[in-house]
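S.K.: predicted model and sequence below, questions to follow.
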Amino acid sequence: MTDLLELSADQLSRMLNTGLARAKMIEAKVSVAVVDRGGNLAAFLRQPGAFLVSSDLAIDKAWTAASFAMATRAFGEALASESPEVRDGLLARPRVTVIPGGVPILVEGICIGAVGISGASAQQDEEIAQVVAGTARIACSS
């Protein structure tokens, strides 16, 4: 089980490549960030031509998804039902975001990390992140 909780260098490389390939398919320039279960940056790549701010946003999306073990879109939806104090308080924290494109990597119900994509539309970022996270889940379960 311990091995399932860590992403190897080969898995991280495959994840970055999967994100880049998916972005190329939709003709988008993105930043791809992968964090471990503690929210530490494990892999990152910014495509030439991606918006400069996409670097920080991708990392923030991955960090948020790992921190709450849920996609950033779902986190935003969950916050919508909270009091303004809770919602505003959490969103005032550095690195916390509800911008879609952050997806946790869950293996056997345990969050082992997360992916953040930024640079395309919110929907495209989220779709790429889901594909990348899926690649990690498949690699970890085999």
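M.R.: Looks like it came in fine.
S.K.: now do the contacts for L12.
M.R.: Neighbouring residues of L12 by CB atoms under 8 Å, 6 or more residues apart in numbering: 34, 42-43. C-betas here are computed from N, CA, C, even on glycine.
S.K.: revised request: answer the last question for G102.
M.R.: If a contact means CB under 8 Å, 6+ apart, then G102 has 60-65, 71-72, 75, 114-117, 129 as its contacts.
S.K.: would you list the contacts of L12 in TSV and tack on secondary structure?
M.R.: Rendered in TSV, the data for the contacts of L12 read as follows (DSSP: H, G, I helix; E, B strand; the rest coil):
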residue	secondary structure
V34	strand
A42	strand
A43	strand
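S.K.: now these as CSV including neighbour count, distance to N17 and pLDDT?
M.R.: CSV is the format used below for the contacts of L12 (neighbours: other CB atoms under 10 Å; distance: CB to CB, whole Å; pLDDT from 0 to 100):
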residue, neighbour count, distance to N17, pLDDT
V34, 28, 12, 98
A42, 20, 15, 97
A43, 21, 10, 98
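S.K.: so which of the residues you listed would you say is closest to S121?
M.R.: V34 (20.8 Å; CB to CB).
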